[in-house]
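**Student:** Attaching a predicted model along with its sequence, questions to come.
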Amino acid sequence: MPHYEPWSDERARAVIEEFSHLEGPLMPMLHAVQETFGYVPEAVVPMLAEMLNISRAEVHGVVTFYHDFRHEPAGRHVLKLCRAEACQAAGGDALADHAEHRLGCKLGETTADGRVTVEPIYCLGLCATAPSAMLDGKIVARLNERRLDALIAEAQS
Amino acid sequence: MSVRIYVPKDACSIACGADEVAAAIEAAALSRRQPIEIVRNGSRGMLWLEPMIEVVTPEGRIAYGPVAEEDVEGLFAAGFLTGGDHALRIGKPEEHPFLAKQTRLTFARCGIIDPASYTDYRAHGGYRGLERALQLGPAEIIEEVKKSGLRGRGGAGFPTAIKWKTVADAKADRKYIVCNADEGDSGTFADRMIMEGDPFELIEGMTIAGIAVGATKGFVYTRSEYPHAIWAMEKAIEVARAHGMLGVNIAGSQYSFDMEVRMGAGAYVCGEETALLDSLEGKRGVVRAKPPLPAHKGLFQKPTVINNVLSLTAVPHILADGGEFYANFGMGRSRGTMPIQIAGNVKFGGLFETAFGITLGELINDIGGGTASGKPVKAAQVGGPLGAYVPTWQFDLPFDYEAFAAKDALIGHGGIVVFDETADLAKMARFAMEFCSVESCGKCTPCRIGSTRGVELMDRIIAGQRVEANLATLTDLCQTMKLGSLCALGGFTPYPVLSALNHFPEDFGAPPRHLEAAE
């Protein structure tokens, strides 16, 4: 399970500054912020704007454009199910239904107890051993109901 | 004596349990006091056999697969360290028909070498291309690429040499090489496999491109969904730098070139080259209008070569063996080899590199062995989410840019996703529209609004509401998107939609097509 740090102004600044020497540093900075805090807190937007000498609106635009950047923390575990064509061809639809049923929430939502966020992902590049999933960064291929249940149990523990 | 065992660390193998298998082998060897050396190689591309482990014996490498953690004890008992017989024994991988039938240039080393080893790379012909490039100089490098007939492997098929020449001729204080490794198409994984299995090849290709056009900095833009590829690339870059093959005065020459890996953030549209450039600059991944071409004003408004991984990894071979050698493979205007990816509901899925000209039927039925489910094949989507659904009666189509285009289909990045008869093509058409609406960058109206209207239309069609009228509107909408969109996302989404409708109208509640009459 990933461990994230609580928000700190000072820490955020330090994380961001590490990338200030790069050409086009905003994306690496946002990734680093999310890796540190688990999401991209609103408070980081003016900080980045000031450091990069761009408007808050521009930073906000970037943060909201990309699917990866979270605006609030996810559940304790994140289960991503591949919903792209190759996984659909290999029975991914039924598995997605099964996961929603077992977790009692829809793709894109977090369980009521805050333990599991389940999300669609569009292609993990494991298309010859579909369907596939990712649990907290661990990739799993040749998914079937039994394996999915094991992943869900791991996420709920 | 220590026995060398190869256990892939390709993401696909890891997802099938390769890490656990490696740990189990280590533990079993330890308990037997048997000295072993485990090398984590890339994948050979026979992905249905992953994790496929190989043991080095006096007769050569002997493969076993697919190996599960619980098979390891049995393998030791069967004497697999000396190539002993076992139910999972495959024999020499290179003699397996799936590999024996291929023409591997780009993937020649993938799965054979240790991807993090500079020495291994050199020992298997690596950097021969760069050495020759350094002797030739910029103009002759481009001439060699021109002779090879290499066309952009990302999907558009634009001649690589023309792109390079344009950048070489541009005057600027700074130029860039950008590698498009934003492999977002479902059914494609060749970029990922080569970055994980032979990352030096990409480094070498980008370095040669840099020398050819006068660029000193390169970026590999890849996906956040590919953590293993990122790790492998970064490791190889570090090693190349340590050996003087990146940085100032590469291999003691007058040329300097360095590179870094950048990670996207889950936006499919960033695979479009101008959106990718904006994303690299730290902006929203919004498509740029062309002109200006990236070759004139690309990254940070500087002249930029932007090529796909498979284009750049073809370059070292072209330089090492000559453009003519490469052009000897292929058909028509599609020269060289194409790493084709067979995926989806298929029995023997994997990476199959071969000369252009092979038919879709050979790839899916003969090499892929038909569906994994055992049910008849219904269709195959070729070229990712923007590629057409090709029905079985068009499986005689040869893999060739022009032949596909003539049938309103595209090769794209060479991914084939096989569907069996249970697939509902109306649902897949709806998915194509939905995917476009979610991933649209929002710059142009046909893509942004059209895809949303497309989803609504498909919902009505699937619900059986005024099917004929709605299908007419859908067809009209597709024409608008095709002709009016700024990039391939909106412009090509009609391909899967219209191909599904034209070939399988019965799935849409329309009368079935008359097989021969419509051909």
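**Tutor:** Cool, the structure landed.

**Student:** Confirm that residue B:125 lies within a strand, as I assumed.
**Tutor:** No - read with DSSP: H, G, I helix; E, B strand; the rest coil, residue B:125 is coil and lies in no strand.

**Student:** in what helix or strand does the residue lying closest to it once chain neighbours are set aside lie?
**Tutor:** Excluding its sequence neighbours, the residue lying closest to residue B:125 (Cβ to Cβ, 6 or more residues apart in numbering or on different chains) is residue B:320, at 6.8 Å. From N, CA and C alone the C-beta is placed, and that goes for glycine too. In this assignment (DSSP states H and E), residue B:320 forms part of helix B:309-321.

**Student:** Mind checking what helix or strand follows that helix in sequence?
**Tutor:** helix B:323-327.

**Student:** Correct me if wrong: residue B:168 contacts residue B:210.
**Tutor:** No - when contacts are counted by Cβ atoms under 8 Å, residue B:168 is not listed as touching residue B:210 (10.9 Å).

**Student:** what sits up against the host helix or strand of residue B:119?
**Tutor:** Assigned by DSSP H and E, residue B:119 falls within helix B:118-123. With contacts defined as Cβ atoms under 8 Å, 6 or more residues apart in numbering or on different chains, helix B:118-123 is touched by B:109, B:113-114, B:127, B:198, B:200-201, B:239-240, B:242-243, B:245.

**Student:** same for whatever helix or strand residue B:237 lives in, what does it pack against?
**Tutor:** Assigned by DSSP H and E, residue B:237 belongs to helix B:227-242. Where contact means 3 or more Cβ pairs under 8 Å, 6 or more residues apart in numbering or on different chains; DSSP states H and E, helix B:227-242 is packed against helix B:11-15, helix B:118-123, helix B:190-197, helix B:199-213, strand B:217-222, strand B:258-263.

**Student:** How far does the helix or strand following the last one sit from its chain's centre?
**Tutor:** Next along the chain after strand B:258-263, taking DSSP H and E as the criterion, comes helix B:273-280. The gap between where helix B:273-280 is centred and where its chain is centred comes out at 19 Å by Cα atoms, centre = their mean, to the nearest Å.

**Student:** and if you look at stretch B:227-236?
**Tutor:** With Cα atoms, centre = their mean, you get 16 Å for stretch B:227-236.

**Student:** mind checking the SS state of the closest residue to residue B:270 other than its chain neighbours?
**Tutor:** The spatial neighbour of residue B:270 that comes closest, neighbours along the chain excluded (Cβ to Cβ, 6+ apart), is residue B:285 at 4.1 Å. Classification of residue B:285 by three-state DSSP places it in coil.

**Student:** picking up where we left off before, list the buried residues for the helix holding residue B:119?
**Tutor:** For helix B:118-123, the buried set under the neighbour-count rule, 16 or more other Cβ atoms under 10 Å in any protein chain shown, comprises B:118, B:120-121.

**Student:** Likewise for stretch B:94-112?
**Tutor:** For stretch B:94-112, by 16+ other Cβ under 10 Å, it's B:96, B:98-99, B:102-112.

**Student:** what do you get for stretch B:242-252?
**Tutor:** For stretch B:242-252, by 16+ other Cβ under 10 Å, it's B:243, B:245-246, B:250.

**Student:** Closest to residue A:69 out of the residues you listed?
**Tutor:** residue B:246 (30.6 Å; Cβ to Cβ).

**Student:** how close does the closest one sit to residue B:109?
**Tutor:** Between residue B:246 and residue B:109 the computed distance is 19 Å (Cβ to Cβ, to the nearest Å).

**Student:** what's near enough to touch the residue in the stretch 101-250 of chain B positioned nearest to chain A?
**Tutor:** Residue of the stretch 101-250 of chain B nearest chain A, by Cβ to the nearest Cβ: residue B:186 (3.4 Å). Residue B:186 sits next to A:84-87, A:122-123, A:127, B:343, B:384-385, B:415, B:417 when contact means Cβ under 8 Å, 6+ apart.

**Student:** next one: residue B:45
**Tutor:** B:99, B:107, B:110-111, B:193, B:350-353.

**Student:** Those in strands, which ones?
**Tutor:** Secondary structure defined by DSSP state E assigns B:350-353 of these to strands.

**Student:** out of the residues you listed, who has the most neighbours?
**Tutor:** Ranked by neighbour count (other Cβ atoms under 10 Å in any protein chain shown), those have residue B:351 at the top, with 31 neighbours.

**Student:** mind saving the C-alpha coords of the helix holding residue B:237 as PDB?
**Tutor:** Below are the C-alpha coordinates for helix B:227-242, written out as PDB (Å, rounded to 0.1, in the frame of the first residue of the first chain):
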ATOM      1  CA  PRO B 227       6.500   2.000 -15.300                       C
ATOM      2  CA  HIS B 228       8.700  -0.900 -16.200                       C
ATOM      3  CA  ALA B 229       9.600   0.600 -19.500                       C
ATOM      4  CA  ILE B 230      10.500   3.900 -17.900                       C
ATOM      5  CA  TRP B 231      12.700   2.100 -15.400                       C
ATOM      6  CA  ALA B 232      14.500   0.100 -18.100                       C
ATOM      7  CA  MET B 233      15.100   3.200 -20.300                       C
ATOM      8  CA  GLU B 234      16.400   5.300 -17.500                       C
ATOM      9  CA  LYS B 235      18.700   2.500 -16.400                       C
ATOM     10  CA  ALA B 236      20.100   2.100 -19.900                       C
ATOM     11  CA  ILE B 237      20.500   5.900 -20.400                       C
ATOM     12  CA  GLU B 238      22.600   5.900 -17.200                       C
ATOM     13  CA  VAL B 239      24.800   3.000 -18.400                       C
ATOM     14  CA  ALA B 240      25.200   4.600 -21.900                       C
ATOM     15  CA  ARG B 241      26.400   7.800 -20.200                       C
ATOM     16  CA  ALA B 242      28.800   5.900 -18.100                       C
END
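
**Student:** gap between residue B:173 and residue B:278?
**Tutor:** 21 Å.

**Student:** And those two? Which one has more around it.
**Tutor:** Just comparing residue B:173 and residue B:278: by other Cβ under 10 Å the higher neighbour count belongs to residue B:278, 22 against 5.

**Student:** Run through the residues that contact the more buried one.
**Tutor:** Residue B:278 touches B:284-286, B:288, counting by Cβ under 8 Å, 6+ apart.

**Student:** Please tabulate those residues in a markdown table, including the columns neighbour count and pLDDT.
**Tutor:** As requested, the contacts of residue B:278 are arranged in a markdown table below (neighbours: other Cβ atoms under 10 Å in any protein chain shown; pLDDT from 0 to 100):
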| residue | neighbour count | pLDDT |
| --- | --- | --- |
| B:284 | 20 | 98 |
| B:285 | 26 | 97 |
| B:286 | 20 | 97 |
| B:288 | 19 | 97 |
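
**Student:** looking at it, residue B:57 is touching residue B:83, isn't it?
**Tutor:** Yes - counting by Cβ under 8 Å, a contact exists between residue B:57 and residue B:83, whose distance comes to 4.3 Å.

**Student:** and the stretch 251-400 of chain B, which of its residues are near chain A?
**Tutor:** B:260, B:262-268, B:279-286, B:299-300, B:341-346, B:349-351, B:372, B:381, B:385 (Cβ under 8 Å from any Cβ of the partner chain).
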